[in-house]
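>>> The following comprises the amino acid sequence and a computationally predicted model.
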Amino acid sequence: MSHPSTAPPSRPSSPAPLYRRSPVRIACVQYDVKLGRVSENSAKVERMTRSLQPGSIDLLVLPEMCLSGYMFNSPTAILPYLEPQRIGPTSLLARSLAQRLKCYVIAGYPEGLPSAPQPSSSTEGISSGSESNAGPSEMKQLEGEGTGVGWNSAVVVAPSGEVVGNYRKTFRFETDKSWAREGDGFMHFDLPEPLGRVAVGICMDMNPKDFVAPWDAFELANYCRDNAVDMLVVPMNWLSPPAEPPEVMTEEEDPNAPSESNLNYWAARLQPLHDPVPGYTTPRNVGSDPVGGKEVVFVACNRVGTEEGTKFIGTSSVMTISSNPSRIELVECCNISEERVMSATVT
């Protein structure tokens, strides 16, 4: 183990260290996703984004599993909604939006294995207990193996409509573990100005792994720090936390306000980016290397509504985070219940 005062290893420079030469314009679509209503959810996103003008934003973000919904408790339940890369409903929507708005789009979706049994007809309106064209032996194998039938993923689409990235959730929530495989690890994508180096995480990736890793492991935040990330984008299905202990009633949150507890929690999970321990940042006398004190844009795109008894807490937000000086600024956020396209400009 290295001594805390040891200078950090050299880190790769960002492809766009001067990306603030022009403002970055970000939009998040926060809405009530209806479980299994893929076409209905897609049409809602189209309606909500209709007023956005081409060229008015640089990045559009949709929530985790933004068309399928989230609360699937088995491989058979989610099977009709698994999507192939690039040509699934979410990718097609993201590609259409990217081309129309002339911006990058990041959207969450349930990615199927190439070998996963495919549904025989439209998934619209199918309940979580629906059958697909998979035979009994295939279903038994899917239920029994416990290795997962896909990934909880996010697609990255360029303004041309080209899919330029695909990220698979690294840390799985309990709901994910019923059907999803673990991803290959955190990833970033080098995009043109004004976006720069963009890391993508999905919901649970913000937490300590399995809620048992040490709090101060800061896995995702350290990845962003070590890779000189300019922006961290996190599609979410973030929940309203249970009372502690569970039988204690919590005070009802104001539906017209954001969740301050979650804003504070996200900021706390990003501590290495704004309040590093001694030895974390590049010493000031090293020269012009900005990595230690650079600003990182954090984008959380969450959903609202209740699904299978589970409430989602909204509060989609854009923050800017800096370690030198140590600072967090909330640029824009939604409340816990509204459906809207939140726009933010970071100068």
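On my side now, so go ahead. Residues are numbered from 1 along each chain as shown.
>>> Look up how far Lys102 lies from Met65.
The span separating Met65 from Lys102 equals 26 Å under the rule C-beta to C-beta, to the nearest Å. Every residue, glycine included, has its C-beta placed from N, CA and C.
>>> Which one's more surrounded, these two?
Comparing Met65 with Lys102 by neighbour count (other C-beta atoms under 10 Å), the higher total belongs to Met65, at 33 against 14.
>>> Contacts only, for the residue lying closest to that one once chain neighbours are set aside.
Computed as C-beta to C-beta, 6 or more residues apart in numbering, the closest residue to Met65 that is not its neighbour in sequence is Gly108, at 5.1 Å. Gly108 is in contact with Leu62, Pro63, Glu64, Met65, Cys66, Thr90, Asn152, Ser153, Ala154, Ile202, Pro235, counting by C-beta atoms under 8 Å, 6 or more residues apart in numbering.
>>> Need the per-residue pLDDT for Gly108.
Model confidence at Gly108, given as pLDDT, is 98.
>>> Mind listing the residues bridging to it?
With DSSP bridges as the criterion, Gly108 is bridged to Ala154.
>>> and what of the one 4 residues further on?
Residues found in beta-bridge contact with Gly112 (criterion: DSSP bridges) are Gly150.
>>> The stretch 1-150 of the chain: strands as residue ranges?
Assigned by DSSP state E, counting those that start in this stretch, the strands in the stretch 1-150 of the chain fall at 24-30, 59-61, 104-112, 150-157.
>>> Rebuild these as a markdown table, extending it with distance to Glu46.
As requested, the strands of the stretch 1-150 of the chain are exported to a markdown table (distance: least, C-beta to C-beta, whole Å):
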| stretch | distance to Glu46 |
| --- | --- |
| strand 24-30 | 10 |
| strand 59-61 | 12 |
| strand 104-112 | 13 |
| strand 150-157 | 15 |
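>>> out of those, nearest to Lys311?
Lys311 lies closest to strand 24-30 among the strands of the stretch 1-150 of the chain, at 14.2 Å (C-beta to C-beta).
>>> Report the inter-axis angle for the closest one versus strand 104-112.
40 degrees (axes from the mean of the first three to the mean of the last three C-alpha atoms, to 10 degrees).
>>> Contacts made by strand 24-30 with the rest, please.
Counting by C-beta under 8 Å, 6+ apart, the neighbours of strand 24-30 from elsewhere in the structure are 45, 48-49, 52, 56-63, 66, 194-195, 231, 297, 299-304, 314, 316-318, 334, 338-346.
>>> ditto for stretch 256-265
Taking C-beta under 8 Å, 6+ apart as the rule, stretch 256-265 contacts 238, 240-241, 253, 313-315, 317, 330, 333-338.
>>> switch the cut-off to 6 Å
Contact with stretch 256-265 is made by Ile313, Thr315, Cys333, Asn335, Ile336, as judged by C-beta atoms under 6 Å, 6 or more residues apart in numbering.
>>> same question for that stretch, mean pLDDT?
Along stretch 256-265, the predicted confidence averages to a pLDDT of 94.
>>> what do you get for stretch 236-244?
In this model, stretch 236-244 has an average pLDDT of 77.
>>> From here on, call the first residue 56.
Will do, 56 is the new start, and the previous item becomes stretch 291-299.
>>> Check the gap between Glu237 and Trp321 for me.
For Glu237, the distance to Trp321 (C-beta to C-beta) stands at 22 Å.
>>> These two: who's more crowded?
When neighbours are counted by other C-beta under 10 Å, Trp321 comes out ahead of the other of Glu237 and Trp321, with 20 against 16.
>>> Please confirm that the more buried one is located within a helix.
Yes: using DSSP: H, G, I helix; E, B strand; the rest coil, the secondary structure at Trp321 is a helix.
>>> Could you dump the contacts of stretch 311-320 into a markdown table with neighbour count added?
Rendered in a markdown table, the data for those read as follows (neighbours: other C-beta atoms under 10 Å):
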| residue | neighbour count |
| --- | --- |
| Ile368 | 22 |
| Thr370 | 25 |
| Cys388 | 24 |
| Asn390 | 19 |
| Ile391 | 22 |
